[in-house]
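Asker: Give me the fold of what follows.
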Amino acid sequence: MHLAPFASSSLATRLGTVRTLWPHAETIFSELQQEMEKARQFMSSFEQLLSSHGPIAAEQAPSSSAAPAQGSGEGFSVCQDVKNFAPEQLSVKVVGRKVVLVGQKETQNTDEKGSFSYKYEVLKREWDVPEEVDAEALTCSLSGEGQLRIEAPRLALPSSAERSVPIQVSPAAPQPGAAKDGAVSKAQA
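Answerer: Numbering: from 1, shown residues only. Predicted coordinates for the structure are as follows:
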């Protein structure tokens, strides 16, 4: 603990050097500011770590991962852990350009002493469907391990054969001093 000099100058001149047991407020606040700056630096380094390893962490997390499907632009794919829910307790809806997953589960228990417990669980997740994905062709599948996969293919762009597009040349307004026949023949060439 830092000891601060006695604040009253008239008394201090008569008594000599007197110290109090109370530290200076500036000392306490500067120490707090230093600790806060250390915490900010730690948080920013932690955020950088998360942003640099985000996709890896999302793939390893069992709860949820959402990303465009892997491969050559195949579409949209989301995987959500729903092992605590039965298939009839889940619903998946497309609302505009969003996919909404809702799971609801009620559990009631009564033990031999007559105690009653009631548990209500709700799971709600929403994902934005990218514009280049066909939301109307969305499919869902539930694995035996309780993983719900929601997928939608990429919109099929109409394939067209190669064709030449003609360039239409409109006759230019005649310019003074230019030969009319030469200008027209250059425009048609």
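Asker: Ramachandran coordinates for residue 83?
Answerer: The phi and psi torsions at residue 83 (degrees, to the nearest 10) take the values phi -70, psi -20.
Asker: gap between it and residue 31?
Answerer: Relative to residue 31, residue 83 is positioned 48 Å away (criterion: C-beta to C-beta, to the nearest Å). Glycine gets a C-beta too; all of them are placed from N, C-alpha and C.
Asker: what's the answer for residue 48, then?
Answerer: According to C-beta to C-beta, residue 48 and residue 31 sit 26 Å apart.
Asker: what's residue 152 in contact with, if anything?
Answerer: Neighbour list for residue 152: 75, 76, 77, 129, 133, 134, 135, 137, 138, 139 [criterion: C-beta atoms under 8 Å, 6 or more residues apart in numbering].
Asker: repeat that for 10 Å
Answerer: By C-beta atoms under 10 Å, 6 or more residues apart in numbering, residue 152 lies in contact with 69, 74-78, 94, 99, 129-130, 133-139.
Asker: State the mean pLDDT of the helix or strand that contains residue 48.
Answerer: Counting by DSSP states H and E, the secondary-structure element that holds residue 48 is helix 25-60. Taken as a whole, helix 25-60 has an average pLDDT of 68.
Asker: And stretch 75-94, by the same measure?
Answerer: Along stretch 75-94, the predicted local confidence has a mean pLDDT of 91.
Asker: buried stuff in that stretch?
Answerer: Neighbour counts using 16 or more other C-beta atoms under 10 Å place 75, 76, 77, 78, 79, 80, 81, 82, 85, 90, 92 of stretch 75-94 among the buried residues.
Asker: bridging residues for the third one?
Answerer: Think residue 77. According to DSSP bridges, residue 67, residue 151 are recorded as the beta-bridge partners of residue 77.
Asker: That one and residue 147 touch, don't they?
Answerer: No. Using C-beta atoms under 10 Å, residue 77 is not in contact with residue 147, being 11.7 Å away.
Asker: how close does residue 109 sit to residue 119?
Answerer: In this structure, residue 109 and residue 119 are separated by 8 Å, where distance is defined by C-beta to C-beta.
Asker: if we can go back for a sec, among the buried residues of stretch 75-94, which ones are in strands?
Answerer: In strands, defined here by DSSP state E, the members of these are 75, 76, 77, 78, 79, 80, 81, 90, 92.
Asker: export these to CSV and tack on distance to residue 114?
Answerer: Compiled in CSV, these are given as follows (distance: C-beta to C-beta, whole Å):
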residue, distance to residue 114
75, 54
76, 50
77, 48
78, 44
79, 42
80, 38
81, 35
90, 33
92, 39
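Asker: May I have the predicted confidence score for residue 68?
Answerer: The per-residue pLDDT reported for residue 68 equals 44.
Asker: Same question for residue 136.
Answerer: Taken from the predicted model, the pLDDT recorded for residue 136 is 86.
Asker: Good, wrapping up.
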